[in-house]
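# Turn this into a model:
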Amino acid sequence: MENVVLTIHLLLALALIGVVLLQRSEGGGLGMGGGGGAVSGRSAATALGKITWILAAAFIVTSITLTIIAAQNAAGVSVLDRLTDAPPAPAASTPALPDADTLLPPSSGDTAPLTPTAD
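Numbering: from 1, shown residues only. Below is the predicted model:
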């Protein structure tokens, strides 16, 4: 269900961007100068204007729907609560170090210890 609503939401966003870009600029950003648009109360009832309002309303509805779906899917526990309530990870067991004697080569009784010789 969430994927369907999300797909519709993305399509609405793209359509809304396209319709807004197709509209004729009235000059003077944010309704200043030019025709005034919705600020002056005498907005033109063009087809693109009506489509923009319909797409914007549908976009808001899908946004609210996605928010509700996300809230229902949440477990009611924050991420921080999940981290603090998680059982501790088992400690990695380190192998015991071998005795120091096993690191030396095997000794034989008839070998003399190595001593530096002076040349």
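
# Give me the mean pLDDT for the longest helix along the chain.
If you go by DSSP state H, the chain has its longest helix at helix 47-73. What helix 47-73 shows for mean pLDDT is 93.

# which parts of that helix are buried?
51, 52, 55, 58, 59, 62, 65 (16 or more other Cβ atoms under 10 Å). For the C-beta atoms, the positions are set from N, CA and C on the backbone; glycine is no exception.

# how about the nearest residue to the last one, chain neighbours excluded?
It refers to residue 65. residue 5 (5.3 Å; Cβ to Cβ, 6 or more residues apart in numbering).

# May I have the distance across stretch 69-84, first residue to last?
26 Å (Cα to Cα, to the nearest Å).

# ok so, going back, for the host helix or strand of the residue nearest to residue 65, packing partners?
Element membership of residue 5, judged by DSSP states H and E, is helix 2-22. Judged by 3 or more Cβ pairs under 8 Å, 6 or more residues apart in numbering; DSSP states H and E, the packing partners of helix 2-22 are helix 47-73.

# what is the orientation angle of the helix it packs on with helix 2-22?
Here helix 47-73 runs at an angle of 150 degrees relative to helix 2-22 (axes from the mean of the first three to the mean of the last three Cα atoms, to 10 degrees).

# Output the contacting helices and strands for helix 47-73.
Judged by 3+ Cβ pairs under 8 Å, 6+ apart, helix 47-73 is in contact with helix 2-22.
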